[in-house]
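Asks: no letters, just coordinates:
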Ligand SMILES: NC(=O)c1ccc[n+]([C@@H]2O[C@H](COP(=O)([O-])OP(=O)(O)OC[C@H]3O[C@@H](n4cnc5c(N)ncnc54)[C@H](O)[C@@H]3O)[C@@H](O)[C@H]2O)c1
Ligand SMILES: CC(C)[C@H](C(=O)O)[C@@H](O)C(=O)O
Ligand SMILES: [Mg+2]
């Protein structure tokens, strides 16, 4: 059996708590399914800063680069609010994305039937919801230069962030969205602000041209991103695949998260381009949520986003489709049985903590795999 290398970066806050539940699944798959996972673990975020003054060390970056896949927990927290901007916890996450060239961030927002009641919208609006947000992850205002605060000398300061997109960056993320749309509802909605931003004008043009040249079988719509946010809470089931830039994708995916019941439910896969020789992609799997300082250390965090991110890892990095499907089915079955962490609690359900939720999913996964 070939080795499958996984580099685990649990991070801060609830990151180590939720990663612990994935570790149990990895151990089970190694022991019972001969999965051949070889794991190593590093520090990222505030925990890395505390250990060696950087939000990720060069040695851990090298391990992340060499691994078949990286599993990322969460970073950040109020105790690091005052650390220099360049080494703040979030900088470690951004370095991983940028240096590994993980330009395509897949954020599926699925409302499990059992959770329709937990959504902030009426159940009939979200029942059966299955959206995929494809967020551009290595460009835009997150990385554009200049990015500065300057003192104007008159008691005023000026802050500048720069939104930059080149044609190739838009082309490749549009292609990912069209390819994925073909495997599901065959519809892509592209969101930008072409009415205000030059980058929105180019985004719209390039998506339209890419569609015409290679993907005219897929239905393409365009929406201004502010209207897109409104439509996501008005009638979310109208969407299949949404493709958008780095900043709009960040915001729209948090909005989509609440449609599914909780931020603790949303997984993601951050993928690079396939290597021309081996066909392998660099990849990192990261829940959409953060370190949740308000509940960290209490043992109540929902591990489903982290576990579902591992399911995406099985699918996209290792082509272990049956195992990925079983793990996702295990999550659905556990929810059907009324087992809930606090964030998705409902009347009549059984409230459990992080480890019990992880154990319940593992038991179900084991039963489905038998
Ligand atoms: N990928 C990441 O590492 C990532 C993502 C977002 C935010 N952050 C960082 O996390 C820190 C906190 O940010 P925030 O509070 O705005 O966002 P957050 O996602 O950490 O928390 C927002 C709210 O959602 C709840 N929540 C989040 N995940 C949950 C889970 N798994 N189970 C139950 N409840 C959950 C939290 O308790 C909180 O009330 C900041 O430093 C921020 O920069 C990191
Ligand atoms: C922590 C932060 C840098 C990150 C982002 O803005 O991309 C987060 O909000 C996310 O959604 O992954
Ligand atoms: Mg975010």
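Replies: Looks like it came in fine. Computed from a predicted structure; not experimentally measured. Ligands and ions are numbered 1, 2, ... in the order given.
Asks: residues contacting the residue of the stretch 101-250 of the chain found nearest ligand 1?
Replies: Distance from ligand 1 to each residue of the stretch 101-250 of the chain (C-beta to the nearest ligand atom) is smallest for residue 250, at 8.5 Å. In this view, the C-beta of every residue, glycine as well, is placed from N, C-alpha and C. Residues near residue 250 by C-beta atoms under 8 Å, 6 or more residues apart in numbering: residue 135.
Asks: thinking residue 158 is in contact with residue 146, fair?
Replies: No - when contacts are counted by C-beta atoms under 8 Å, residue 158 is not listed as touching residue 146 (10.6 Å).
Asks: near ligand 1, which residues of the stretch 51-200 of the chain are found?
Replies: By C-beta under 6 Å from any ligand atom, the residues of the stretch 51-200 of the chain that approach ligand 1 are 74-77, 90, 93.
Asks: for those, which one is nearest residue 353?
Replies: Of all these, residue 353 sits closest to residue 74, with 17.4 Å by C-beta to C-beta.
Asks: ramachandran angles for residue 4?
Replies: phi -120, psi 110 (degrees, to the nearest 10).
Asks: returning to what we had before: for the residue of the stretch 101-250 of the chain closest to ligand 1, helix, strand, or coil?
Replies: Here residue 250 is helix, with the state taken from DSSP: H, G, I helix; E, B strand; the rest coil.
Asks: change the start of the numbering to 29 and stick with it
Replies: All set: I'll call the first residue 29, so the last point we hit is now residue 278.
Asks: which single residue in the stretch 279-398 of the chain comes nearest to ligand 1?
Replies: Residue of the stretch 279-398 of the chain nearest ligand 1, by C-beta to the nearest ligand atom: residue 318 (2.4 Å).
Asks: was I right about that residue contacting residue 106?
Replies: No - assessed by C-beta under 8 Å, residue 318 is found out of contact with residue 106, at 11.7 Å.
Asks: mind checking pLDDT for the nearest residue to residue 100 once chain neighbours are set aside?
Replies: In space, and not counting its chain neighbours, residue 100 is closest to residue 314: 4.0 Å by C-beta to C-beta, 6 or more residues apart in numbering. With respect to pLDDT, residue 314 scores 97.
Asks: quick check on residue 314: phi, psi?
Replies: Recorded main-chain torsions at residue 314 are phi -140, psi 130, according to degrees, to the nearest 10.
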